[in-house]
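Visitor: Sequence plus the predicted model coming up.
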Amino acid sequence: MLALTSLRYFRTAMGKRVCIVGSGNWGSAIAKLAGLNAATNPLFEKNVNMWVYEEMVEGRKLTEIINQDHENVKYLPGVKLPENVIAVPELVDAAKDADLFIFVIPHQFIARTVATMKGHVKEGAAAISLIKGINITDSGLGLISDEIREALGIDVSVLMGANIANEVARDQFCESTVGGFGENAKTFKALFQRPTFRVSISEDPKTVELCGALKNIVACGAGFCDGLGLGDNTKAAIIRLGLMEMMDFCKVFLSEGEVKNQTFMESCGVADLITTCYGGRNRKVSEAFAKTGKSLDELEKEMLNGQKLQGCVLKTLAQLITFSKRVEKGPETARELQGVLTNKKISPERFPLFTSVFKCCYEGAPVADFLKALENHPAHGN
Ligand SMILES: NC(=O)C1=CN([C@@H]2O[C@H](COP(=O)(O)OP(=O)(O)OC[C@H]3O[C@@H](n4cnc5c(N)ncnc54)[C@H](O)[C@@H]3O)[C@@H](O)[C@H]2O)C=CC1
Ligand SMILES: O=C(CO)COP(=O)(O)O
């Protein structure tokens with residue numbers, strides 16, 4: 001009896017404390033996995049804090065609903081969360097004394113979030129980013145992991161993969177990729193891996209992270225394909241050409257030697273691309289965009305009940321390709337990339353799929369013309 005008590009004390013004293021920064025669809029699904037593992041693995045402290053951006057749901061605070069009913073009824077309805085996952089409305093309280101941070105919020109909110117955390121993070125803590133987005137910085141492309149690392153001065157790994165949250169939360173078998181190094185990568189693998197969630201470690205974290213952002217753009221193209229009533233051959237071509245552009249983009253924007261081709265064969269690469277192009281939110285909303293002509297902002301609000309589009313990376317892409325253009329609204333990823341391409345003196349013709357998705361989303365190009373841009377794709381040779 002005494003031995004058991006001391007073991008419990010030792011565990012509380014020594015286990016790493018986990019804080020999940022975010023509680024949306026994926027944030028809640030990953031909370032289930034991390035909560036179940038923390039409850040049984042002495043490497044971790046049993047209780048896992050989850051920062052919840054507070055809101056009222058049917059007259060009750062979302063944090064109260066999660067802590068009393070153990071379900072995030074707004075962002076992951078129908079799935080019970082482990083009771084050791086504790087919803088905390090104040091970010092600084094949630095982060096207090098944490099050793100491990102899991103960043104899982106839509107990428108447009110990261111800057112404000114890390115600014116709030118600055119000065120409240122324990123020395124020696126480590127983080128992992130599950131965020132599938134990118135930024136533009138003065139020097140061009142900015143990885144979200146770099147933004148977190150620079151703001152908080154801690155090591156940051158990434159987790160990317162073919163992981164539609166609703167399926168992961170229902171224990172349907174899938175794989176995922178941790179991009180990172182050494183003990184921190186292993187610790188995060190131990191925190192997430194479950195019998196139905198198999199995690200590999202890749203020491204090519206920048207490519208792993210860029211794959212997670214760029215696939216969002218291809219998913220918009222897949223949605224256009226569905227919206228236009230086209231079939232599986234066309235979708236397969238979009239996925240393949242999208243993959244070629246993702247690989248080329250990574251080699252241009254990371255230094256060539258850093259990018260390992262094997263990374264594209266991991267769950268974070270081709271597998272995530274496939275799942276997103278069939279089952280993701282970007283695909284779904286882009287299909288509706290092609291059919292209705294409503295704006296992406298409008299459709300996001302109508303169709304996603306508070307969840308956010310990250311196809312979105314478009315916004316960054318756009319700025320990377322045509323730095324002069326500033327588009328204020330809409331899917332961010334493609335926008336974000338455009339300016340970077342111009343900075344690198346790379347013509348948009350090198351990335352016809354990314355560019356065409358952007359033009360349809362933000363410049364009023366007809367979706368019916370989307371595939372024309374692919375007819376002379378560089379991947380087909382001369
Ligand atoms: N949902 C999925 O299947 C997957 C999502 N991801 C990635 O994970 C990241 C997070 O996505 P989800 O968890 O699905 O989020 P989500 O799309 O469900 O986003 C809604 C979340 O944003 C929060 N929010 C709203 N305004 C906010 C603000 N001003 N500041 C901070 N938070 C605010 C909401 O409270 C809610 O928790 C994204 O980068 C996404 O690409 C990655 C893999 C799978
Ligand atoms: O990243 C995802 C699956 O791995 C989810 O993609 P969506 O954001 O398009 O739903």
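Guide: In hand now; what should we look at? Ligands and ions are numbered 1, 2, ... in the order given.

Visitor: Centre-most residue in this protein?
Guide: Closest residue to the average C-alpha location of the chain: Lys132 at 2.6 Å, with Cα atoms, centre = their mean.

Visitor: So what's the predicted local confidence for that one?
Guide: Looking at Lys132, its pLDDT is 94.

Visitor: Could you pull up the contacting residues of it?
Guide: His107, Met160, Gly212, Ala213, Lys215, Asn216, Gln310, Val313 (Cβ atoms under 8 Å, 6 or more residues apart in numbering). Any C-beta I mention is one placed from the backbone N, CA and C, and that applies to glycine too.

Visitor: And Pro89, how far from Gln262?
Guide: 42 Å (Cβ to Cβ, to the nearest Å).

Visitor: So between these two, which is more surrounded?
Guide: Pro89 (15 against 11; other Cβ atoms under 10 Å).

Visitor: returning to that earlier point: in a markdown table: the contacts of Lys132, plus distance to Leu228 and secondary structure.
Guide: Formatted as a markdown table, the contacts of Lys132 follow (distance: Cβ to Cβ, whole Å; DSSP: H, G, I helix; E, B strand; the rest coil):
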| residue | distance to Leu228 | secondary structure |
| --- | --- | --- |
| His107 | 28 | helix |
| Met160 | 29 | strand |
| Gly212 | 26 | helix |
| Ala213 | 25 | helix |
| Lys215 | 20 | helix |
| Asn216 | 19 | helix |
| Gln310 | 22 | coil |
| Val313 | 22 | strand |
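
Visitor: Of the residues you listed, just say which sits nearest to ligand 2.
Guide: Gln310 (5.2 Å; Cβ to the nearest ligand atom).

Visitor: pretty sure the closest one is touching Asn282, no?
Guide: Yes. Using Cβ atoms under 8 Å, Gln310 is in contact with Asn282, at 6.9 Å.

Visitor: helix, strand or coil for the residue nearest to Glu71 when sequence neighbours are not counted?
Guide: Spatially, and ignoring its direct neighbours in sequence, Glu71 is nearest to Lys80 (5.8 Å; Cβ to Cβ, 6 or more residues apart in numbering). Here Lys80 is recorded as coil under DSSP: H, G, I helix; E, B strand; the rest coil.

Visitor: burial count for Lys80?
Guide: Lys80: 12 neighbours (other Cβ under 10 Å).

Visitor: I figured it hits His70, correct?
Guide: Yes. Because the distance of 5.4 Å satisfies Cβ under 8 Å, Lys80 is recorded as touching His70.
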